[in-house]
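# Pasting the sequence and the predicted model now:
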Amino acid sequence: MLHAKIIDTKEKKLSIIEAENFISSHDYGASIFFTGTVRNQNDNKSVIGITYDSHDALVTNSFQEIYNEADQKLNIKDKSVYIEHAKGYLNLGEISIIIAVACKHRDQAYVLSRYIIEEIKKRAPIWKKEHYQNNDSAWLKGNPIINEKN
């Protein structure tokens, strides 16, 4: 079971409670919640906020692909996964991504959660612009989208 979505920060904030409600089940004995938050330093610069932009349809497709690949690569078929990523401006400390997973066993949950975040960082077309204390800002260098099938 998968929930995968890009959330416009002008409309709402990401919610751990919604993630917990989605993955909650007596079928699973382990749940892991990962949140990414805006931190105040990067590359020796004082960050005051971040703007995220994305190609929404491609992002949600990449989330679906990553979820499906977990069946083959990790052999974790019985799982519940909730993924939401913010789009728009976020202040320090605000949540940019939530990944919540529930599996039968804790090792599966840890492995799956780590796999999902690492693959999202590599493959999802999400761009990040940092805003600094000196009123400067910069789009950060990302990873090129790689087609692993070629």
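In hand now; what should we look at?

# Give the closest residue to Gly93 in space, chain neighbours not counted.
With C-beta to C-beta, 6 or more residues apart in numbering as the measure, Thr37 is the residue that lies nearest to Gly93, at 5.7 Å, once sequence neighbours are left out. For every residue, glycine as well, the C-beta is placed using N, CA and C.

# Just give the number of residues close to the one you found.
By the criterion of other C-beta atoms under 10 Å, Thr37 has 12 neighbours.

# and if you look at Gly49?
Counted with other C-beta under 10 Å, Gly49 comes out at 16.

# give the contact list for it.
Taking C-beta atoms under 8 Å, 6 or more residues apart in numbering as the criterion, Gly49 is in contact with 38, 89-92, 130-131.

# Return a PyMOL selection command for the buried portion of those.
Of the contacts of Gly49, the buried ones can be selected in PyMOL as follows, counting by 16 or more other C-beta atoms under 10 Å:
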select buried, resi 38+90+130+131
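
# Same list (the contacts of Gly49) but as TSV, adding distance to Ile7, pLDDT and secondary structure.
TSV is the format used below for the contacts of Gly49 (distance: C-beta to C-beta, whole Å; pLDDT from 0 to 100; DSSP: H, G, I helix; E, B strand; the rest coil):
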residue	distance to Ile7	pLDDT	secondary structure
Val38	15	96	coil
Tyr89	13	97	strand
Leu90	11	97	strand
Asn91	15	96	strand
Leu92	18	96	coil
Glu130	20	94	strand
His131	19	96	strand
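
# ok, of the contacts of Gly49, which one's closest to Tyr82?
Closest approach to Tyr82 among these (C-beta to C-beta): Leu90, at 18.9 Å.

# Please convert the contacts of Gly49 to a markdown table, extending it with distance to Lys104.
What follows is the contacts of Gly49, written out as a markdown table (distance: C-beta to C-beta, whole Å):
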| residue | distance to Lys104 |
| --- | --- |
| Val38 | 34 |
| Tyr89 | 39 |
| Leu90 | 34 |
| Asn91 | 38 |
| Leu92 | 37 |
| Glu130 | 39 |
| His131 | 42 |
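
# elements contacting the longest helix seen in the chain?
Assignment by DSSP state H gives helix 106-123 as the longest helix of the chain. Judged by 3 or more C-beta pairs under 8 Å, 6 or more residues apart in numbering; DSSP states H and E, the packing partners of helix 106-123 are strand 30-37, helix 56-69, strand 79-91, strand 95-103.
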